[in-house]
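In: whatever this is, show me its structure:
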Amino acid sequence: MQQQRRGRRIAMLPEEVDAFLNEERTCRVATSGQAGPHLSALWFVWDGSALWLNSVVKSQRWTDLERNPQGAVLIDAGHEFNELRGVEIRGRFDVVGDVPRSGAPDPELAAPEQLFARKYTGRDEMHFDGRHAWLRLTPQKITSWDFRKM
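Out: Below you'll find the predicted structure:
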């Protein structure tokens, strides 16, 4: 993975990145399609090495990633300037599991589905609606900042 070179003074430590990504709930997903850039907000989970998104299959985001699997995600927080912090993850999105997700046992999805269910519903079991499937963003570069360190 490519290392962050600029802004190291305010960069989060790896354990701070993990804590931040486990705490925050909404990310902004950037994809590129025939009509240009596309941004969308989505819930996510972080497993310590990849970001997992449960995406509607019939969406512009999904169509864009089928054509070009490279993209970026931004997770940020803070209101006042000296509170701003965030993480940008750039990399490749991969489809994992069946499309749409049926809920059939899949060892590769057991952990992200449990993380997702606990984070957003407070339960251990995932709900499957026949419209969503899993995207895994494997980081090629992570950039972080925490202006509270200034």
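In: show me where the protein has its helices.
Out: 14-23, 60-67, 107-121 (DSSP state H).
In: so which bits of the first one are buried?
Out: Translated: helix 14-23. Judged by neighbour count (16 or more other Cβ atoms under 10 Å), helix 14-23 contains these buried residues: Val17, Asp18, Phe20, Leu21. (Each C-beta comes from the backbone N, C-alpha and C, glycine too.)
In: turn the residues you listed into a markdown table, columns for distance to Lys58.
Out: Putting these into a markdown table (distance: Cβ to Cβ, whole Å) gives the following:
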| residue | distance to Lys58 |
| --- | --- |
| Val17 | 32 |
| Asp18 | 32 |
| Phe20 | 31 |
| Leu21 | 27 |
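In: need the max-distance pair from the residues you listed.
Out: Asp18 and Phe20 (7.3 Å; Cβ to Cβ).
In: mind listing the strands for this protein?
Out: 26-33, 36-46, 51-56, 70-77, 85-96, 132-146 (DSSP state E).
In: residues of the first one that come out buried?
Out: The neighbour-count check on strand 26-33 (16+ other Cβ under 10 Å) flags Cys27, Val29, Ala30, Thr31 as buried.
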